[in-house]
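*Asks:* structure of the sequence below:
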Amino acid sequence: MVPVTINGQDIDVARGTSIFDAATRGGVRIPTSCVAQGKCKECIVEIAKGMELLSPRTDHERHLTGLFRLSCQSLVAADDGSIECHTMRRGQMRIERHALNLPVSRNAWRFDPSIVRDNSRIVDRLTGKVLSESGGPIYGLAMDLGTTTVVIRLIDLETGELVADASLENPQRFGGSDVMSRIHYDTEHKGKLLRRTLAGYLTHAIQDFPVDPQSIYEVVVAANSTMRDIFFRQNVYSIGQNPYRSITEIEMSEGKRTTTSLVETGRRCLLPINPAARVYGLPIISGHVGADAAACMLAIGLADEERLVAMMDIGTNTELIVGNKDRILAASCPAGPAFEGGAIACGMPGLDGAIEDVSVDEEGRFHIGVIGGGVPEGICGSGLVDLTSELLRTGRMNEMGRFEDSGSRVTLDRDRDIYFLESDVNELAQAKGANVAGLHVVFSSYGIAFDDVAAFYLAGGFGRHLKKDASKRIGLIPNLPDERIVQVGNAAIEGACIALLSVSQRDTLEALVRQVEHCRLETHPEFFDFFVEGCQFKPVQSVDRVPQ
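*Replies:* Numbering: from 1, shown residues only. Sure, this is the predicted structure:
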């Protein structure tokens, strides 16, 4: 018998047993729509240990590389050793499920859902279509579909109350960790596997909710442009090519549509909800400034905002929005994966075991905090910001990102060989440089200084867990007073909920996205200068520029 560990569950299996069958025996669900015949290609697992103990890849697995396998095709081919693997949903990932510190309250917008009760019937009042003659409860889903994580809220559409929520790692990571990789994968591999794999995991999450899935009559999806369009089975090739526009943007510019939003049915989205349910993809703003950024605008009440405010969601692709009800500018900043632990020697996502907190005492010793409180396994994005800030504060690293002790390596945990390289600093510098360039381009194009904004909202999970002082010290965010920097968490899911519960707010958002001016960083004449300046580890100050 060979011990197989799947998602932390230990199962002893005999030679010739598939990983899929081992998982089933251990109570671990792996999505499949072909009953484990290798045809649907949805039962993907990542092998962490023991790849050499498995049977060779079959023809059904030609689309997979690296450590990814189809569980139904992977047979135990040895009599000893051990195998460790996990599904495309790692449950221990820290996912930001909530919003906080938002300026908009429930009283600021009108509760008017599109799905209503008419005596014993359930009716879609936007189309007049009767969705059910027999009555019953009326539920809806709000979804924040990110490149890395997914958050779903189940809402009672008659009361507006939250019934349940769920979160999971986006299972599409076998297609790459960033949107450009996913675009390439979706374009090169036929069969819409990214979409089908996601639908399988969403199906499990929805079926785990404490309601009949058939009583879910509407879904609102907030997502970046790529994730949204993959979900709605759109061709995403154009998003990966200059000038980086969704097919919905292109069609709108050609007069073929009046909005960039998308609408489908539950059946066509492969979800186990009412087949006739509306699935509404919020409108994207432009290019890589997607529907998640649009949802954030709804959450912070930008349509009614008199003050100048800014919203920044830092990640692989950072979205930046600046303005008020009269004028709004937006940009996307291609930061790359460094802030999520990618391209860093000991980097890792925000999973249990990731170092998220670093301080250096007077004797130069490191003190670390670990997600989950266990032993450290690597460093996540917020830990990297902390670490570089402390190295800068204690003089062990200069503003150019060079270590002052002539070495090229800083060791955080010698026993577990967790370290930070000078080359890692370069990765962070380039990611940071893209964000700072975006800040300078948008603010200078608007003709304002950083200090002119009344509130600087940091959205998203990464922004939620940053330390303000550390972020300002290394020049990741503007050097503003702490009280103006507002960490709002998952504002996108909050915006999706507002759109789910208020048709009038959807109309407001549709008008708002058409108002936004998109700043393309690569065409700005001073982008490179801004980028070089942003690569330095020093506080970010406004520069005097003539509005573009």
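*Asks:* do you have the helices of the chain handy? List them.
*Replies:* Under the criterion DSSP state H, the chain contains helices at 19-25, 179-188, 193-207, 225-231, 247-253, 291-299, 381-393, 422-446, 460-464, 468-474, 491-501, 503-515, 527-534.
*Asks:* of those helices, which is nearest residue 143?
*Replies:* Minimum separation from residue 143 across those (C-beta to C-beta) falls at helix 491-501, 6.3 Å. For the C-beta atoms, the positions are set from N, CA and C on the backbone; glycine is no exception.
*Asks:* can you lay out the helices of the chain as JSON lines showing mean neighbour count?
*Replies:* Below are these laid out as JSON lines (neighbours: other C-beta atoms under 10 Å):
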{"stretch": "helix 19-25", "mean neighbour count": "21"}
{"stretch": "helix 179-188", "mean neighbour count": "19"}
{"stretch": "helix 193-207", "mean neighbour count": "20"}
{"stretch": "helix 225-231", "mean neighbour count": "27"}
{"stretch": "helix 247-253", "mean neighbour count": "17"}
{"stretch": "helix 291-299", "mean neighbour count": "30"}
{"stretch": "helix 381-393", "mean neighbour count": "25"}
{"stretch": "helix 422-446", "mean neighbour count": "23"}
{"stretch": "helix 460-464", "mean neighbour count": "24"}
{"stretch": "helix 468-474", "mean neighbour count": "20"}
{"stretch": "helix 491-501", "mean neighbour count": "29"}
{"stretch": "helix 503-515", "mean neighbour count": "17"}
{"stretch": "helix 527-534", "mean neighbour count": "18"}
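*Asks:* nearest to residue 271, out of these?
*Replies:* helix 193-207 (6.3 Å).
*Asks:* so how far is the closest one from its chain's centroid?
*Replies:* 16 Å (C-alpha atoms, centre = their mean, to the nearest Å).
*Asks:* pLDDT value on residue 127, please?
*Replies:* Per-residue confidence for residue 127 comes out at a pLDDT of 94.
*Asks:* should've said residue 526
*Replies:* The predicted local confidence for residue 526 is 93.
*Asks:* so what's residue 55 closest to, chain neighbours aside?
*Replies:* residue 75 (4.2 Å; C-beta to C-beta, 6 or more residues apart in numbering).
*Asks:* neighbours of the one you found, how many?
*Replies:* 19 (other C-beta atoms under 10 Å).
*Asks:* rewinding a little: now the helices of the chain as a markdown table including distance to residue 213?
*Replies:* Shown next, in a markdown table, are those (distance: least, C-beta to C-beta, whole Å):
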| stretch | distance to residue 213 |
| --- | --- |
| helix 19-25 | 22 |
| helix 179-188 | 27 |
| helix 193-207 | 5 |
| helix 225-231 | 18 |
| helix 247-253 | 28 |
| helix 291-299 | 24 |
| helix 381-393 | 35 |
| helix 422-446 | 40 |
| helix 460-464 | 27 |
| helix 468-474 | 41 |
| helix 491-501 | 16 |
| helix 503-515 | 23 |
| helix 527-534 | 47 |
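*Asks:* closest to residue 365 out of those helices?
*Replies:* Closest approach to residue 365 among those is made by helix 381-393 (11.2 Å; C-beta to C-beta).
*Asks:* quick one: the residue nearest to the spatial centre of the chain from residue 97, how far?
*Replies:* Closest residue to the average C-alpha location of the chain: residue 146 at 2.9 Å, with C-alpha atoms, centre = their mean. Residue 146 is 12 Å from residue 97, where distance means C-beta to C-beta, to the nearest Å.
*Asks:* repeat that for residue 33.
*Replies:* With C-beta to C-beta as the criterion, residue 33 and residue 97 are 28 Å apart.
*Asks:* cool, residue 266 as well?
*Replies:* 23 Å.
*Asks:* other residues contacting the lowest-mean-pLDDT helix or strand in the chain?
*Replies:* Each helix and strand of the chain was given a mean pLDDT (mean pLDDT, DSSP states H and E); the minimum falls on helix 460-464 at a mean of 89. The contact list for helix 460-464 (C-beta atoms under 8 Å, 6 or more residues apart in numbering) reads 94-96, 149, 312-315, 339-340, 350, 381-382, 458, 487-492.
*Asks:* so which of the residues you listed sit within strands?
*Replies:* Using DSSP state E, 149, 312-313, 458, 487-489 are the members of the contacts of helix 460-464 that sit in strands.
*Asks:* quick check, nearest of those to residue 331?
*Replies:* The closest of the ones in strands among the contacts of helix 460-464, once distances to residue 331 are taken by C-beta to C-beta, is residue 312, at 10.1 Å.
*Asks:* sorry, back to before: more neighbours, residue 266 and residue 97?
*Replies:* Each of residue 266 and residue 97 has its neighbours counted (other C-beta under 10 Å); residue 266 has more, 23 against 17.
*Asks:* wait, isn't the more buried one in contact with residue 221?
*Replies:* No - if you go by C-beta atoms under 8 Å, residue 266 and residue 221 don't touch, sitting 12.0 Å apart.
*Asks:* common neighbours of these two, please.
*Replies:* residue 279.
*Asks:* strands of the stretch 101-250 of the chain, residue ranges please.
*Replies:* Taking DSSP state E, counting those that start in this stretch, the strands of the stretch 101-250 of the chain run over residues 115-118, 121-124, 129-132, 139-145, 149-156, 162-169, 216-223.
*Asks:* will you turn those strands into JSON lines that also has distance to residue 443 and mean neighbour count?
*Replies:* Listed next are these as JSON lines, based on distance: least, C-beta to C-beta, whole Å; neighbours: other C-beta atoms under 10 Å:
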{"stretch": "strand 115-118", "distance to residue 443": "41", "mean neighbour count": "16"}
{"stretch": "strand 121-124", "distance to residue 443": "43", "mean neighbour count": "18"}
{"stretch": "strand 129-132", "distance to residue 443": "47", "mean neighbour count": "15"}
{"stretch": "strand 139-145", "distance to residue 443": "27", "mean neighbour count": "27"}
{"stretch": "strand 149-156", "distance to residue 443": "29", "mean neighbour count": "22"}
{"stretch": "strand 162-169", "distance to residue 443": "33", "mean neighbour count": "18"}
{"stretch": "strand 216-223", "distance to residue 443": "25", "mean neighbour count": "27"}
